[in-house]
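In: Predicted model and sequence below, questions to follow.
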Amino acid sequence: MKIDKKLIKELVDNLKEFELTELEYQEGQTKIKVSKATKGIELGKTSSVVSANKSVLKSSDESEGIRVKSPIIGTAYLAPEPGAKKFVEIGDKIKKGQTVMIVEAMKTMNHVPSTADGEVKKILIQDGQPVEFGQTLILLK
């Protein structure tokens, strides 16, 4: 497979232009994912991840299970207020419709309900982290 550097540069430029944190492009079996690094002080630096195979992008632990995804873009909170008990912890058994976290958008607190019954396998975001529409927040068994 030949890597199309021009396409990758164009995707990185779109990432900056539209102020996105992640962008995926797929054509046939080729999939390109570009995302910004968001670790500590390194905010704002851009890194690129290129892969032709979906299994390389996600570990097998993160690819299996029921996904609870963000319904909107905003800031995710694991508890109703600072210092309060979290909505869910790893290992908790939850019911469909139960609030698993809150995503704040434009000063409005939006409750994120579980899409299925299950056990919390993994929480994929941190409290106060910005999230994108459709981003997986929690994995259920």
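Out: Nice, I can see it.
In: how about the strands in the chain?
Out: 22-27, 30-36, 46-51, 66-69, 74-77, 93-94, 99-105, 108-113, 118-123, 129-131, 136-140 (DSSP state E).
In: packing partners for the second one?
Out: Counting contacts by 3 or more C-beta pairs under 8 Å, 6 or more residues apart in numbering; DSSP states H and E, strand 30-36 is packed against helix 5-17, strand 22-27, strand 46-51, helix 54-57. Every C-beta, even on glycine, is put in place using the N, C-alpha and C of the backbone.
In: I'd like the mean pLDDT over the last one, please.
Out: Per-residue pLDDT over helix 54-57 has a mean of 36.
In: if we can go back for a sec, pick out the shakiest of the helices and strands packed on strand 30-36, pLDDT-wise.
Out: If you rank the helices and strands packed on strand 30-36 by mean pLDDT, helix 54-57 sits at the bottom with a mean of 36.
In: Point out the most buried one among the strands of the chain.
Out: Stretch with highest mean neighbour count among those: strand 136-140 (a mean of 21; mean count of other C-beta atoms under 10 Å).
In: Tell me the strands beside that strand, with direction?
Out: Note on strand 136-140: by DSSP bridges, its sheet partners are strand 66-69 (antiparallel), strand 118-123 (antiparallel).
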